[in-house]
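Undergrad: Sequence first, predicted model second:
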Amino acid sequence: MSRLVRPALAAGLLLAALGPAWAAETVTVPGEDLPLAAVLFRPDGPGPHPAVVALHGCGGLRDQDGALGARHRDWGERLARAGFVVLMPDSFGSRGAGSQCRARDRVARPSRERAADALAALAFVQARPDVKADAVSLLGWSNGGTTVLHAIRPGRARQGRPDFARAVAFYPGCRVPHEGGRWRARMPLLILMGDADDWTAPEPCRALAQAARARGESVEIVLYAGAAHGFDAPDSAPRTRRGLAFTADGSGTARVGTDPAGRADALARVPAYLAR
C-alpha cells in the first residue's frame, strides 16, 4: 500500500508523556569481522519479549560528545516501554569512525558490512533468554534504512535459524536497489518518509514498493505531506545541511528537521506494525 498521509497532530499524544529516562546499557556483539559496540534497552519483566534491531543513520549512533543520539534514545525508550528489547549496534564507532555523512567512501557500506552487522545483532538478541527468537524485527534510519533494504533481500537469511519477522525503513536510499531491478523483500516491510525529502528522494522508494507489491510482496510505503528528512527526530528545528556526500539532486544540500504530525503518526504506527 502507498499512501500520502496528513496525520492530525493529536495522533500519538498518549506516547508523548514518557516519564523518567529509560536505562540503556552498553554491550558487545560478536560481529562478522570485529566486535560491535551496541546499546541495549530492556522492557520491564523477565520476558521473553519481542525485540528490535535498530540501525543508526550516516551520523552514527552517538553525537559529537559521545552521548547516544537523541533520536536513538527517544525511540529506544519508547519501544522498550512498548515491550520490546531494543539493540542498537554501532557500525561506525566500532570501526573507529564518527559521522560518515560527508564521506563518499564509508567505513561500513549498507550492502555489505552494515547488512552483516544487522545479522550479527539478530543472532545476539536471539541468544538472549529474555527475547522471543522468532519475534525480532529490523528497523533503520536513513543509511540504516538503506541497510534494511539490503539485509532483507533473499539470500541473506541464515539457514536453520529464525529470520527477522518484519522490517521498518525510515527514509532509506532506494535509488540503487530500484534501478538494479533485482531487489526483493523476503519479509514484510514498512517504509516511512516525507514527500518533501531532498536527501533520499521518495520517488524511487515509491516505485520500489509498487514493483514489490506487483510481485505479491508485503511492502508498504507511507509518505508524510510536507515532511523532510529526519521528520521523526525529537525537537529538531528545521534547517539546511550542506556538504553531504549523497543527496537526491547531487548538490550536497538537504533540508532536515522534525515534522510534528509525521512524527506523531510514526510513533503510533511503528510499534503497532512491529507487534503484528
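TA: The structure has been received and is ready for your questions. Residues are numbered from 1 along each chain as shown.
Undergrad: going forward, measure contacts and count neighbours with C-alpha atoms only.
TA: Fine.
Undergrad: so what secondary structure elements neighbour the top strand by length along the chain?
TA: Among the segments of the chain that qualify as a strand by DSSP state E, the longest is strand 131-141. Counting contacts by 3 or more Cα pairs under 8 Å, 6 or more residues apart in numbering; DSSP states H and E, strand 131-141 is packed against strand 49-55, helix 113-126, helix 143-151, strand 167-170.
Undergrad: which parts of the helix or strand following the shortest one are buried?
TA: Proceeding C-terminally, strand 167-170 gives way to helix 175-180 as the next helix or strand, assigned by DSSP states H and E. Residues 175, 177-178 are the ones in helix 175-180 that count as buried (16 or more other Cα atoms under 10 Å).
Undergrad: from these, which single one is nearest Gln126?
TA: The closest of the buried residues of helix 175-180 to Gln126 turns out to be Pro177 (Cα to Cα; 28.2 Å).
Undergrad: The spatially closest residue to the closest one that is not a sequence neighbour: how many residues sit nearby?
TA: Residue nearest to Pro177 in three dimensions, not counting chain neighbours: Trp183, with 5.6 Å by Cα to Cα, 6 or more residues apart in numbering. For Trp183, the number of neighbouring residues by other Cα atoms under 10 Å comes to 19.
Undergrad: right, and Trp183 touches Cys174 too?
TA: No: the pair Trp183 and Cys174 fails to qualify as a contact (Cα atoms under 8 Å) at a distance of 9.9 Å.
Undergrad: Where does pLDDT dip in this protein?
TA: 1-22 (pLDDT under 70).
Undergrad: where exactly do the strands run in it?
TA: Going by DSSP E, the chain shows strands at 2-5, 24-30, 35-41, 49-55, 85-89, 131-141, 167-170, 189-194, 219-224, 239-241, 254-256.
Undergrad: Quick one: closest of the ones you listed to Pro202.
TA: Nearest to Pro202, of the strands of the chain and by Cα to Cα, is strand 189-194 at 6.9 Å.
Undergrad: Can you point out the buried residues in that closest one?
TA: 189-194.
Undergrad: Arg241 and Arg71, how far apart?
TA: Here Arg241 is placed at a distance of 17 Å from Arg71 (Cα to Cα, to the nearest Å).
Undergrad: now swap in Met88 and tell me
TA: 12 Å.
Undergrad: cool, Met187 as well?
TA: In terms of Cα to Cα, Met187 sits 25 Å off from Arg71.
Undergrad: got it, and Ile191?
TA: Counting by Cα to Cα, the gap from Ile191 to Arg71 is 17 Å.
Undergrad: what's the answer for Leu36, then?
TA: Counting by Cα to Cα - Leu36 and Arg71 are separated by 20 Å.
Undergrad: Compare those two (neighbour count), which wins?
TA: It is Leu36, of Leu36 and Arg71, that has more neighbours when counted by other Cα under 10 Å, with 23 against 18.
Undergrad: what about the residue nearest to that one when sequence neighbours are not counted, distance to Asp117?
TA: Leaving aside its chain neighbours, Leu36 sits nearest to Val29 (4.9 Å; criterion: Cα to Cα, 6+ apart). Val29 sits 9 Å away from Asp117, going by Cα to Cα.
Undergrad: cool, Glu25 as well?
TA: 19 Å.
Undergrad: what's the burial count for Arg128?
TA: Arg128 - counted by other Cα under 10 Å - has 12 other residues nearby.
Undergrad: wait, Arg186 sits on Ala151?
TA: No: contact between Arg186 and Ala151 fails when scored by Cα under 8 Å: they sit 9.6 Å apart.
Undergrad: Comparing the two, which shows the higher neighbour count?
TA: Neighbour totals were compared for Arg186 and Ala151, and Ala151 leads with 26 against 20 (other Cα under 10 Å).
Undergrad: Quick one: residues contacting the residue lying closest to Pro238 once chain neighbours are set aside.
TA: Sequence neighbours aside, Gly257 is the residue nearest to Pro238 in space, at 4.0 Å (criterion: Cα to Cα, 6+ apart). Residues in contact with Gly257 (Cα atoms under 8 Å, 6 or more residues apart in numbering) are 228-233, 236-239.
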